[in-house]
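**Q** Sequence plus predicted model, see below.
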Amino acid sequence: MKNTTNNNTKLILLHPYIHKQGSSNRLWLLAFISLFTVAFLLTLIYTRESISPAPAKPSIVATSVSGINNAPLPPTVINTLLHYASKSNDTYHMPYSDLKPISDVLRKCSSPCNLLIFGLTHETLLWKALNHNGRTVFIDENRYYAAYIEEKHPEIDAYDVQYTTKRRDMKELIASAKEQVRNECRPVQNLLFSECKLGINDLPNHVYDMDWDVILVDGPRGNWPDAPGRMSAIFTAGVLARSKKGGNPKTHVFVHDFSGEDEKVCGREFLCPENLVEVTGNLGHYVLERMDENSVRYCKNQTSSSSS
């Protein structure tokens, strides 16, 4: 039995090399998996960066849209606006002969154009549209109507002013302004700090600081003796034009209803005949130049009150 048992007993020896070889294979497998993982992550990151949109494209699109918005109105659009604006049978609407000269000046005005208008009229939206990309400000004597227009058309920039003048006092007001030409009624000044009877001094500060390229006097309304008249508006337009600090040294001043007495008389006294370049229909067109701050004459051919 022993012999049989001994003969059937088998001795199994494990050489140490076999253990070492198994551990080495596992290390190589772990290293391979690590390298594969790193390579996969790098490939994923690079692919995402390549697919992400370039930041320059939105800038190009935004610049293109901005360029379109800043482009001037095409002549066909301007002519269409003038055509339909002048077709009304309402006597309070401006005819084409009055609209065209103002439109031509706005078209040639360097952009942006600063346009100041005395009076909220039927042409209010037209002036805002024609002065595309420019600054347009309206001054009106009716605070309720100014508020109504701004509420109905938020794009309109309107301010109200309280006129203290009366048409029946026009001669006395003109005489007073000429007497004070060296003091309160100087042709070059900031009217915000002035006590001149014909000067408008209760407008927002930026109205006096702005260099106006075009000024239209189409208000206040009324031609009866107790109406405020347009004496203050014309005088103020002349001072604003002569007091420009920068920009184009010339200012176009239009006076509507030019056949009216106060429009003609005050235009002659404060805008000056030598500056009247055109009269078309019922519109007077003046071009005033910036003047020295020490000037004491409104017009070249006009003597100062002291020499008079």
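**A** Good, I have the coordinates. Numbering: from 1, shown residues only.

**Q** Can you give me every residue that contacts the most centrally placed residue in the chain?
**A** By CA atoms, centre = their mean, the chain has its centre lying nearest to residue 135, at 3.5 Å. Contacts for residue 135 (CB atoms under 8 Å, 6 or more residues apart in numbering) come out as 112-115, 157, 210. Using the backbone N, CA and C atoms, a C-beta is placed for each residue, glycine as well.

**Q** Can you convert those into a markdown table and add a column each for neighbour count?
**A** Formatted as a markdown table, the contacts of residue 135 follow (neighbours: other CB atoms under 10 Å):
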| residue | neighbour count |
| --- | --- |
| 112 | 14 |
| 113 | 23 |
| 114 | 20 |
| 115 | 24 |
| 157 | 12 |
| 210 | 17 |
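
**Q** These in strands, which ones?
**A** Secondary structure defined by DSSP state E assigns 114-115 of the contacts of residue 135 to strands.

**Q** wait, which of the contacts of residue 135 is closest to residue 230?
**A** Nearest to residue 230 among the contacts of residue 135, counting by CB to CB, is residue 115 at 17.7 Å.

**Q** Run through the bridge partners of the closest one.
**A** On the basis of DSSP bridges, residue 115 is bridged to residue 136, residue 214.

**Q** Spit out the contact partners of it.
**A** Residue 115 makes contacts with 106, 127, 131, 134-137, 212-216, as judged by CB under 8 Å, 6+ apart.

**Q** And residue 265, by the same measure?
**A** Contacts of residue 265 (CB under 8 Å, 6+ apart): 170, 174.

**Q** okay, who's weakest in the contacts of residue 135 by pLDDT?
**A** Lowest in pLDDT among the contacts of residue 135 is residue 112, which has 84.

**Q** What sits closest to that residue if chain neighbours are left out?
**A** Nearest residue to residue 112 in three dimensions, chain neighbours excluded: residue 134, at 4.5 Å (CB to CB, 6 or more residues apart in numbering).

**Q** Tell me, how many residues neighbour the one you found?
**A** Here the count is done by other CB atoms under 10 Å, and residue 134 has 19 residues near it.

**Q** again with residue 277
**A** With other CB under 10 Å as criterion, residue 277 counts 11.

**Q** ditto for residue 142
**A** 16.

**Q** wait, doesn't it sit right on residue 160?
**A** Yes: at 6.7 Å, residue 142 counts as touching residue 160 under the criterion of CB atoms under 8 Å.
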